[in-house]
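# only the shape, not the letters, is given here:
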């Protein structure tokens, strides 16, 4: 095939031009121009599918039934080289130490922890052995294995970084371990055995009392399965039984979500705004792209903000770990059982979705895709999986998958905004003219106000430590 | 994000002294938007939504059935001291032969003669073709019975577990060969009563012999496959054959389901009810949550009540065991095959996840369906509805229910009565009971309900489902 050479070649130079060249013609014609394109625009599914609730007054208070929190948080560690220490104040995440405020005692306690390393497959504790130590998992993943009804083994769950077990040992040795704990990956744990705890318990009188107190409190409070103060009732009785009287107690200091803000000042030189407006309005294009960027940031904050972001706001009991590493169909089923009351959407990084697709293909499953607002999206067990590139991927190629129930009516996750702002441009977003400065630059203040609230803890589940780049 | 657009990070300008009113101060003037009180215990309560509710006027519902010659095939209970397991003597009446046998002394003597044996998984408990000369009670564990197929291969006859028994025909004195082989699936403890022990005893107890003879005589009555008294028919005849005369006999003392009740007294201080009503009515919110809690209890009772709860009310012949442990597609097929028109399965969410794992292992993906607006998992087109009221044992085993519903279909129905005085919701009433001298108002909140299984095969239970394997 021959391709014509460019006009500077010898052949063309010798031949006289017989008509107007395109280069010259272009001086008279108008080029068709695209509006400025922006690569950072994503589909922003979260903003589309979250039901937005009007938060008049700038704050939204989530009233809940009074619940007796069991305080089962995760513990954080510091490390110097390979030596790992638990942060003393973090020990308050152990249920029996909750609310204990003597930092000196906690610091002394944290020094008593001994670091141990285990290889994959090692037994950390064995069912039937004496339970006489507290274990904090500093790094790695372990399997909790129990004994089944007919003497076989059953998997009770996976624990990982920051989880702990055996916390009850602080109130005295508790007999035997009811489960076996086995390392899945190389694991570093910190242990505190009962003897060294007892040695210092005498020195710190407050600690012992606190533990006895916490134990008694945990046994006395009447609560239902989800930890809420019980509504007393009687059922199935016959005859003239005395009925329990009851009332529904509320949390006294409910959480308030204040609307957060994403703002910027957009500057446009008045000469640009005045003159260069054909065929596109310069200010409008500047504004359009700025708003796109603000909305991207809004979605980023809804997921990652430390106060209200969904990744941080999920209840700890609603966070599960993958069994092996990559997101398998089994893990997704497990995640579905955490938000089993009418789940609405999965939300995952596109690469996590690809990793899940690989795992499905490996076992020979092809989940049907589902129609969501005219788009075909992948789904699992009928629940759509929406891509969201704002969910972080760590340096070690792990990510998280979110599952939520959406809506205020069914006690799910809601987005908060306020409409009816002065100079509102889009719902919950205002563009206000700030003035023109002495260099003839026009400024606009562009602000978006938003937040997100999880109405009850079981509306949101997170599958953590999803490996998206697992080889083989 | 585009490189030309920079958005300020919130929280960077924290050291600057404020030059205007802060949001914290401004909030003192603004009214916060408030959610109604949230309650985590509220579940979709699929059972209450999926059951058809039948009006039980008069507070009771009588289930009339055709006369059945009950075979009395119950489960036997055991007591254990250390590793020694003993059968509770009165429980021996669950064996068809000993049904309604009155003499406790003889039963105690029989119970004494049982011998305990233990088998490891895979061991043969009884071998087909050997002399069947003992009664076997399964105290703990799971066994599978296999028969001989048409061409000599093995066919699975089913799974037996805790409390089941076989070989009780031995008591009638008809010693034969075992028609099946029984193998232990898990470690098993069985109690066996050898025939010679019975014979030694039989000589002493004439009452027992008389009872057994009466049983053998009685068992000859004509009945259909389901044990109902036959309706005599004749078909395929030619010529002037004498036609059978017949009538349909009914059970003489049919079961009556009385409506059960869940009640509580809700107290609200008049000062709270009078003053703090903007923007939400305090009383209404208290009532709403109490009613939600009562409805949750109602679902719990419909499943777990020892009298009418579906888990306890299922016929013993409709209770299946998993073949191996976890719930496999095979077990679910087995469960479906026991009735026509299965409307839905009901399982704990964790059981559903366990079933999902079994499906994934086999590379199966049943199409989810839309059930009343929610996507639910299915098996063979039958939706699997979640309910956290189905208990999970401390060993991590649970149950799966399958049912046919509706009065027209002879299925499972919910019973309630509407038109109560001061009715608040169908079948639930809120009555004002007065204000006491501390100015506390009381309301009596009651809901009345029950559930009936119209014919035994309407409800099946898959038991001992291991969910954590």
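Arrived safely, thanks for sending. These numbers were taken from a predicted model, which means no experiment stands behind them.
# is it true that residue A:380 touches residue A:332?
Yes. Under the criterion of Cβ atoms under 8 Å, residue A:380 is in contact with residue A:332, at a separation of 5.0 Å. To be clear about C-beta, it is placed using only N, CA and C from the backbone, and glycine gets the same treatment.
# do you know the pLDDT at residue 19?
No chain was given, so I picked chain A. In the predicted model, residue A:19 carries a pLDDT score of 88.
# my bad, the chain I had in mind was chain B
If you check residue B:19, the pLDDT there is 83.
# please tell me how far it sits from chain A.
Separation of residue B:19 from chain A (Cβ to the nearest Cβ, to the nearest Å) stands at 16 Å.
# quick one: secondary structure of that residue?
Secondary structure for residue B:19, judged by DSSP: H, G, I helix; E, B strand; the rest coil, is coil.
# do a quick rundown of the helices in the stretch 201-350 of chain B.
Counting by DSSP state H, counting those that start in this stretch, one finds helices in the stretch 201-350 of chain B at the ranges B:206-218, B:270-275, B:282-304, B:310-313, B:329-336, B:349-361.
# let me redo that: the stretch 1-150 of chain B
Taking DSSP H, counting those that start in this stretch as the test, the helices found in the stretch 1-150 of chain B are B:23-26, B:46-50, B:104-112.
# pLDDT weak spots in the stretch 201-350 of chain A?
When the per-residue scores of the stretch 201-350 of chain A are filtered using pLDDT under 70, the ranges that remain are A:201-205, A:218-223.
# all strands for it, in order.
When assigned using DSSP state E, counting those that start in this stretch, the strands of the stretch 201-350 of chain A occupy the ranges A:234-235, A:245-246, A:255-258, A:260-269, A:319-321, A:345-348.
# Serialize those to JSON lines and add fields for mean neighbour count and distance to residue A:417.
Compiled in JSON lines, those are given as follows (neighbours: other Cβ atoms under 10 Å in any protein chain shown; distance: least, Cβ to Cβ, whole Å):
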{"stretch": "strand A:234-235", "mean neighbour count": "16", "distance to residue A:417": "43"}
{"stretch": "strand A:245-246", "mean neighbour count": "16", "distance to residue A:417": "37"}
{"stretch": "strand A:255-258", "mean neighbour count": "18", "distance to residue A:417": "11"}
{"stretch": "strand A:260-269", "mean neighbour count": "17", "distance to residue A:417": "10"}
{"stretch": "strand A:319-321", "mean neighbour count": "21", "distance to residue A:417": "27"}
{"stretch": "strand A:345-348", "mean neighbour count": "27", "distance to residue A:417": "19"}
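# circling back to that earlier point, which stretch among the helices of the stretch 1-150 of chain B is buried most, on average?
helix B:46-50 (a mean of 19; mean count of other Cβ atoms under 10 Å in any protein chain shown).
# now do that one: distance to the chain's middle.
Average the C-alpha atoms of helix B:46-50, do the same for its chain, and the two points are 15 Å apart (Cα atoms, centre = their mean, to the nearest Å).
# name the surrounding residues that touch that helix.
Contacts to helix B:46-50, defined as Cβ atoms under 8 Å, 6 or more residues apart in numbering or on different chains, come from residues B:295, B:298-299, B:302-303, B:343-344, B:346, B:372, B:385-387, B:389, B:405, B:414.
# quick revisit: list residues touching both of residue A:380 and residue A:332?
Applying Cβ under 8 Å, 6+ apart, one finds that residue A:380 and residue A:332 are jointly contacted by A:346, A:356.
# so which of the helices of the stretch 1-150 of chain B comes closest to residue B:464?
Across those, residue B:464 has its closest neighbour in helix B:46-50 (21.2 Å, Cβ to Cβ).
# how near is residue A:74 to chain B?
Residue A:74 sits at a distance of 21 Å from chain B (criterion: Cβ to the nearest Cβ).
# returning to what we had before: and the contacts of helix B:46-50, which are buried?
Among those, the ones that count as buried by 16 or more other Cβ atoms under 10 Å in any protein chain shown are B:295, B:298-299, B:302-303, B:343-344, B:346, B:385-387, B:389, B:405, B:414.
# hmm, back to that, so can I have TSV of the helices of the stretch 201-350 of chain B showing distance to chain A?
Supplementary listing: these in TSV, determined by distance: least, Cβ to the nearest Cβ, whole Å:
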stretch	distance to chain A
helix B:206-218	34
helix B:270-275	9
helix B:282-304	4
helix B:310-313	12
helix B:329-336	13
helix B:349-361	3
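# now these as CSV including mean pLDDT?
Listed next are those as CSV, based on pLDDT from 0 to 100:
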stretch, mean pLDDT
helix B:206-218, 77
helix B:270-275, 89
helix B:282-304, 92
helix B:310-313, 88
helix B:329-336, 92
helix B:349-361, 92
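# out of those helices, indicate the one that is most buried.
Using mean count of other Cβ under 10 Å, the stretch among those with the largest mean neighbour count is helix B:349-361, at a mean of 23.
# elements contacting that one?
Packed against helix B:349-361 by the contact rule (3 or more Cβ pairs under 8 Å, 6 or more residues apart in numbering or on different chains; DSSP states H and E) you find helix A:329-338, helix B:329-336, strand B:382-386, strand B:397-403, strand B:459-466.
# now do the following helix or strand past it: everything it contacts.
Once the chain leaves helix B:349-361, the next helix or strand it forms, by DSSP states H and E, is strand B:369-371. When contacts are defined by Cβ under 8 Å, 6+ apart, strand B:369-371 is touched by residues A:382, B:344, B:375-376, B:378, B:381, B:383, B:385.
# the following helix or strand past strand B:369-371 pairs with which strands, and in what direction?
Sequence-wise, the next helix or strand downstream of strand B:369-371 (DSSP H and E) is strand B:374-376. Each strand pairing with strand B:374-376, determined using DSSP bridges, is listed with its direction: strand B:369-371 (antiparallel).
# so how far is the strand it pairs with from its chain's centroid?
Relative to the centre of its chain, strand B:369-371 is centred 24 Å away, using Cα atoms, centre = their mean.
# now the end-to-end length of stretch B:65-77.
Looking at stretch B:65-77, the gap from its leading to its trailing residue is 29 Å under the measure Cα to Cα, to the nearest Å.
# actually stretch B:211-229, not the one I typed
22 Å.
# ignoring the adjacent residues along the chain, who's closest to the residue in the stretch 51-200 of chain B positioned nearest to chain A?
Each residue of the stretch 51-200 of chain B has a distance to chain A, by Cβ to the nearest Cβ, and the smallest belongs to residue B:186, at 3.2 Å. Nearest residue to residue B:186, sequence neighbours excluded (Cβ to Cβ, 6 or more residues apart in numbering or on different chains): residue A:150, at 3.2 Å.
# that neighbour is in contact with residue B:138, isn't it?
No. Because the distance of 11.6 Å does not satisfy Cβ under 8 Å, residue A:150 is recorded as not touching residue B:138.
# more neighbours, the two?
Here residue A:150 and residue B:138 are set side by side on neighbour count (other Cβ atoms under 10 Å in any protein chain shown), and the busier one is residue B:138, at 24 against 21.
# give me the three-state assignment for residue A:170.
Relying on three-state DSSP, one would call residue A:170 helix.
# residues touching it, list them.
Residue A:170 makes contacts with A:94, A:96-97, A:134, A:197, A:211, as judged by Cβ under 8 Å, 6+ apart.
# export those to CSV and tack on neighbour count, distance to chain B and secondary structure?
Formatted as CSV, the contacts of residue A:170 follow (neighbours: other Cβ atoms under 10 Å in any protein chain shown; distance: Cβ to the nearest Cβ, whole Å; DSSP: H, G, I helix; E, B strand; the rest coil):
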residue, neighbour count, distance to chain B, secondary structure
A:94, 25, 23, coil
A:96, 22, 23, helix
A:97, 21, 25, helix
A:134, 25, 23, strand
A:197, 20, 28, helix
A:211, 20, 26, helix
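# returning to that earlier point: quick one: closest of the helices and strands packed on helix B:349-361 to residue A:375.
When these are ranked by proximity to residue A:375, the top entry is helix A:329-338, at 20.3 Å, counting by Cβ to Cβ.
# is chain B contacted by that closest one?
Yes. For helix A:329-338, a contact with chain B is found by Cβ under 8 Å from any Cβ of the partner chain, at A:329-330, A:333-334, A:336-337.
# out of those residues, who's nearest residue A:436?
When the residues of helix A:329-338 next to chain B are ranked by distance to residue A:436 (Cβ to Cβ), residue A:336 comes first, at 55.8 Å.
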